[in-house]
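Mind folding the following:
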Amino acid sequence: MAMEGESWPRVRAVLAEIFDRDAEDILPETLIMGDLGGESVDLLEIAVRLNADFGIPVDEDAAFLKSLRYLLAESREKGIEPEAALRAAYPHLSAERCATLAREAARPQAAPLLCAADIAAYAAAARK
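Numbering: from 1, shown residues only. Sure thing, here's the model as predicted:
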C-alpha cells in the first residue's frame, strides 16, 4: 500500500505520538485497533489532532469507517454491490481498498479493519 503526498508523514507522526510508537514502525497497512491497540478514545484524539493539524472538519464515520459493517449489510439487503456502497460512503478510499474491506469484513469474526492509510486518505481528501 504505497502512500504519497504530504498527508501520510503528518498522519504517521500523529499516530506515532498518540500511540507512543516510533513513526517508522507505523506502516500504511498498520491496523489502528489490532496492531496499535486503539480504542474509541484514541479515535477521538486522532479526530481532534486531524482537525487541529490539518485544519479539516472530521466526519468520524467516514474517517474511521464506523458504519462499515452496517453499510455492507444494507447493501446485501438492497442487492447493491458491496464495493459500490463503500465507494459511495468512503469516496476517499480507492476502489481496491473498498474491495478489500468488503471481502475482509465478510469473514466471520473479522477484526476492525481501519488502517493508517485509511486515515491518511481521509485527511488528503478533506484538504482538497
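
right, and Glu60 touches Ala47 too?
Yes: using Cβ atoms under 8 Å, Glu60 and Ala47 qualify as a contacting pair, with a distance of 5.6 Å. Using the backbone N, CA and C atoms, a C-beta is placed for each residue, glycine as well.

The two: which is more packed in?
Taking neighbours as other Cβ atoms under 10 Å, Glu60 and Ala47 compare with Ala47 leading, 18 against 15.

any idea how far the more buried one lies from Ala111?
Summarising the geometry, the distance separating Ala47 from Ala111, computed by Cβ to Cβ, to the nearest Å, is 21 Å.

now Ala126: how far from Arg76?
If you go by Cβ to Cβ, the gap between Ala126 and Arg76 works out to 29 Å.

Between those two, which is the more surrounded one?
Using other Cβ under 10 Å, the more surrounded residue of Ala126 and Arg76 is Ala126, with 19 against 12.

Could you list the buried residues of the lengthiest helix in the chain?
Taking residue count as the measure and DSSP state H as the definition, the longest helix of the chain comes out as helix 40-54. Residues of helix 40-54 classed as buried: Asp42, Leu43, Glu45, Ile46, Ala47, Arg49, Leu50, Phe54 (neighbour count, 16 or more other Cβ atoms under 10 Å).
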